[in-house]
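A.B. asks: sequence unknown, structure follows:
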C-alpha cells in the first residue's frame, strides 16, 4: 500500500469517526482533491447550540503538496418545519503560495507547571489567504472637546479567512495531537511554498 493510499484511508476513517454526514464530506473532498496526494489533514466537527435549535458543522482541512483544501458542511433548515434537515457542503482550494499567514495560539493551563513537550490544552489555528477581511469601524473622535463636527469613521481591516479552535478538554487528546501535527505540516508547507 502506498503512502498516498494510506493517508487517504486515514482521512476517510477520521471523517467516518466524526460521524457527521461522512459520505457527503468524503465525496466533496475527493472532488476537490482531484487525485492529489494527501500530506496531512484535520477533521474538526462542531455542535452549536442556539436557543431554539442544535446545529452541526464540520470543517475539514486537507494539505496536499500544492494546495490547502478547506471543506465546510453545515446543517440548514429543511423546506418544511417538520421536514428533514438539509446540508450545504462547500470546498475551497487555496494554492499554498497564496497562504499569507498561519497563526497558531497555544492555550496552556497552569503555565508555571508546564514542561517542555507537554503540549497545551488548546490550539487555535488562524489562516489567512486574502479571501475574507473583517472591518471594525467606530466613530472618529476629535481632541477638541468643543468640536461638534462629524469626523466620520475610523477602523481597522483584518484578514478573517478561517479560525479553528481545538480543545483537549472538550475534544480529547487525540484531537489536540491531530491539530498540532496538522499545524506543523502546514507551517512547513507554507515555508517551502514561499521559498
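C.D. replies: That came through, no problem. Note that the structure is predicted; figures quoted are calculated from it, not measured.
A.B. asks: Every contact and neighbour count from this point should use C-alpha atoms.
C.D. replies: Fine.
A.B. asks: Residue 181 is in what secondary structure piece?
C.D. replies: Residue 181 belongs to helix 173-194 when assigned by DSSP states H and E.
A.B. asks: List the buried residues in that helix.
C.D. replies: For helix 173-194, a neighbour-count test (16 or more other Cα atoms under 10 Å) marks 173, 175-180, 182-183, 186, 189-190 as buried.
A.B. asks: In terms of helices and strands, where is residue 14?
C.D. replies: helix 3-18.
A.B. asks: Please enumerate the helices of the chain.
C.D. replies: Counting by DSSP state H, the chain has helices at residues 3-18, 22-33, 168-171, 173-194.
A.B. asks: for those helices, which one sits closest to residue 52?
C.D. replies: Residue 52 lies closest, by Cα to Cα, to one member of these: helix 168-171, at 22.6 Å.
A.B. asks: sorry, back to before: and the helix holding residue 181, what's its mean pLDDT?
C.D. replies: Helix 173-194 carries an average pLDDT of 89.
A.B. asks: and that helix, what other elements does it pack with?
C.D. replies: If you count contacts as 3 or more Cα pairs under 8 Å, 6 or more residues apart in numbering; DSSP states H and E, helix 173-194 packs onto strand 40-49, strand 101-107, strand 122-128, strand 162-167, helix 168-171.
A.B. asks: Spatially central residue in the chain, please.
C.D. replies: Relative to the mean C-alpha position of the chain, the nearest C-alpha, by Cα atoms, centre = their mean, is the one of residue 164, at 3.9 Å.
A.B. asks: so that residue makes contact with residue 105?
C.D. replies: No: counting by Cα atoms under 8 Å, residue 164 does not reach residue 105; the two are 10.4 Å apart.
A.B. asks: for the residue of the chain positioned farthest from its centre, what are its contacts?
C.D. replies: Ranked by distance from the centre of the chain (Cα atoms, centre = their mean), the top residue is residue 146, with 47.7 Å. Applying Cα atoms under 8 Å, 6 or more residues apart in numbering to residue 146 gives no contacts.
A.B. asks: Done for today, thanks.
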